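Participant: Task: produce atomic coordinates for the following.
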Amino acid sequence: KKTEAVVFNSNFLHQPLGGDPLQWESLPVKMAFVYLGTMLSEGTTRQRMTEALKRNFNKSKRACFLVNRNCHELGIHNVHLQLHLFDSLVSPILNSSCVIWGPYMLKGKNITTTHECELWHRSHLKQLLGVCKSTATHVVMEELKRHPICFAWLKQSLKFWNKTMRREADDLVRM
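Facilitator: Prediction:
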């Protein structure tokens, strides 16, 4: 009852497994699967990575809303405390598994200025400060000593790469 089949190549969805004792037709078939918080699905690498980020982004927006609501209800108006809560409770959700999808997202042109995560982050920062939307972004970022979110993706991806490259040459993870 707990077993499901996940199809990563729909060309094989209706083909028999060639004598395998597993009864393919009796299993519920899903087109995607979440493993350790990362969506595994069919599609091009770019599509899969975009879907993984979109999933994290939607979850982090909900978490940010809840943090903001709780801060309002508790009377927490200190901007630096709210930023600390954002970094502790929202950023980990957004950045989850970024070592997998981050390098693909970082290929985008103007990612630091036009990506929806960056636009949302800047909007949130301006709201925290209580400044108008037309306030220069670099002023807000400098005032709060913040960096674009994609810098965290790059940092974590490079850390993972360096950790992997320090492993022995015959190590399975490195290979």
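Participant: tell me how far the ends of stretch 128-135 are from each other?
Facilitator: The first and last residues of stretch 128-135 sit 13 Å apart, counting by C-alpha to C-alpha, to the nearest Å.
Participant: Tell me which residues are up against that stretch.
Facilitator: Here stretch 128-135 makes contact (C-beta atoms under 8 Å, 6 or more residues apart in numbering) with 79, 82, 83, 123, 126, 140, 143, 144. Just so you know, the C-beta spots here come from the backbone N, C-alpha and C atoms, and that holds for glycine as well.
Participant: how near is the residue lying closest to the first one once chain neighbours are set aside to residue 95?
Facilitator: Looking back up the chat, that one is residue 79. Of all residues not flanking residue 79 in the chain, residue 128 sits nearest, at 5.2 Å (C-beta to C-beta, 6 or more residues apart in numbering). Computed as C-beta to C-beta, to the nearest Å, the residue 128 to residue 95 distance reads 19 Å.
Participant: again, but for residue 89
Facilitator: 12 Å.
Participant: now swap in residue 2 and tell me
Facilitator: From residue 2 across to residue 95, the span is 30 Å (C-beta to C-beta).
Participant: quick one: which of the two has more around it?
Facilitator: More crowded of residue 2 and residue 95, by other C-beta atoms under 10 Å: residue 95, with 20 against 3.
Participant: In contact with the more buried one, which residues?
Facilitator: So residue 95 contacts 56, 149, 152, 153, 156 (C-beta under 8 Å, 6+ apart).
Participant: Could you rerun that using 6 Å?
Facilitator: By C-beta atoms under 6 Å, 6 or more residues apart in numbering, the contact set of residue 95 is residue 152.
Participant: and the longest helix seen in the chain, which residues are buried?
Facilitator: Secondary structure of the chain per DSSP state H: the longest helix is helix 45-74. Counting neighbours by 16 or more other C-beta atoms under 10 Å, one finds that the buried residues in helix 45-74 are 48-53, 55-57, 60-61, 63-64, 67-68, 71.
Participant: Much appreciated, bye for now.
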